[in-house]
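[1] Got a sequence here, can you build the structure:
(one chain, ligands or ions: 2)
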Amino acid sequence: MQGLFISFEGIDGAGKSTHIDAVRLAFEATGARVTLTREPGGTPLAEQLRGLVLNDPMDAMTEALIVFAARRDHLKQVIWPALARGDVVLCDRFSDASFAYQGGGRGCAWSTLETLEAWVQTPPVAKNDADSPRPIKPLLTIWFDLPAAVAAQRLTSARIPDKFESQPQAFFEKVAEAYERRAQEDPTRFARINADQTIAAVRSDVLAALVTRGLLKA
Ligand SMILES: Nc1ncnc2c1ncn2[C@@H]1O[C@H](COP(=O)(O)OP(=O)(O)OP(=O)(O)O)[C@@H](O)[C@H]1O
Ligand SMILES: Cc1cn([C@H]2C[C@H](O)[C@@H](COP(=O)(O)O)O2)c(=O)[nH]c1=O
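    Ligands and ions are numbered 1, 2, ... in the order given. Modelled structure (predicted):
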């Protein structure tokens, strides 16, 4: 049995958390079992690493190594077992965020991130497996595309900003460009959602993206 792996991406404040629960409910209504998780995080170790990445100053490569270390633990402890059980795995951010934030935002080389992605996201070889395993990527990535200026306005009154949320608008413009690059590199995986609409309209577009790809019934 092999489950479904869906990730949610976008700059801070784009609206992922607002919509992920509606997607969970929609899948649960079909009788599917859902694992809802997030990155960086999703395991006790990865949540500790999240605390470091979101709060401590460090260079871009250090940041990339930590988010990918957290991802390996998350994959081994949570995502691979859930997919093997046949769950729908809904992940609030995955490796596209590393390309967007550590690559686009912080300037880490794309090729370094590609190498880390290949190492970290490849499952261990099973004893009787003749084929070499391939790095895992989400089947679908729902990308909440929102201008950085609008996201900044939404976040102003929302909460105490962490290290990334405190960055200037120009940082998020670079992060958004890197998301665009990732989407261009893998267009069939990405569903680009115009997040600059009412919450109801965004929700309807998110559910429609799942229906169009045959993952949910209308
Ligand atoms: N379509 C929308 N219109 C107006 N406000 C919105 C919309 N969607 C979300 N918001 C508000 O914007 C803020 C940020 O939304 P949310 O927390 O869902 O974003 P996020 O992408 O999960 O952010 P982060 O990645 O920083 O956690 C919240 O206060 C939320 O209520
Ligand atoms: C997976 C991942 C995340 N980040 C950044 C992006 C966000 O600013 C935070 C997570 O906060 P959220 O409120 O849970 O969205 O972490 C990153 O820089 N690199 C990554 O790989």
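
[2] SS state for the nearest residue to Gln121 once chain neighbours are set aside?
    Excluding the flanking residues, the one nearest Gln121 by C-beta to C-beta, 6 or more residues apart in numbering is Pro135, at 3.9 Å. In this view, the C-beta of every residue, glycine as well, is placed from N, C-alpha and C. Under DSSP: H, G, I helix; E, B strand; the rest coil, Pro135 falls in the coil class.

[3] just checking, Pro135 touches Leu116?
    No. At 10.1 Å, Pro135 does not count as touching Leu116 under the criterion of C-beta atoms under 8 Å.

[4] CA atoms only for the one helix or strand Ser204 maps to - export them in PDB, please.
    Per DSSP states H and E: Ser204 is located in helix 199-212. Extracted in PDB, the C-alpha atoms of helix 199-212 (Å, rounded to 0.1, in the frame of the first residue of the first chain):
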ATOM      1  CA  ILE A 199     -10.200  32.900   2.300                       C
ATOM      2  CA  ALA A 200     -13.300  31.200   0.800                       C
ATOM      3  CA  ALA A 201     -12.000  31.700  -2.700                       C
ATOM      4  CA  VAL A 202      -8.600  30.300  -1.900                       C
ATOM      5  CA  ARG A 203     -10.100  27.300  -0.100                       C
ATOM      6  CA  SER A 204     -12.300  26.600  -3.200                       C
ATOM      7  CA  ASP A 205      -9.200  26.800  -5.500                       C
ATOM      8  CA  VAL A 206      -7.200  24.500  -3.200                       C
ATOM      9  CA  LEU A 207     -10.000  21.800  -3.200                       C
ATOM     10  CA  ALA A 208     -10.500  22.200  -6.900                       C
ATOM     11  CA  ALA A 209      -6.800  21.500  -7.500                       C
ATOM     12  CA  LEU A 210      -7.200  18.200  -5.600                       C
ATOM     13  CA  VAL A 211     -10.300  17.300  -7.600                       C
ATOM     14  CA  THR A 212      -8.700  18.200 -10.900                       C
END
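
[5] Can you list the buried residues in it?
    Residues 202-203, 205-207, 209-210 are the ones in helix 199-212 that count as buried (16 or more other C-beta atoms under 10 Å).

[6] cool, stretch 180-189 as well?
    180, 182-183, 189.

[7] Take those residues and write them to CSV, including distance to Ala218.
    What follows is those, written out as CSV (distance: C-beta to C-beta, whole Å):
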residue, distance to Ala218
Glu180, 29
Arg182, 29
Ala183, 25
Arg189, 22
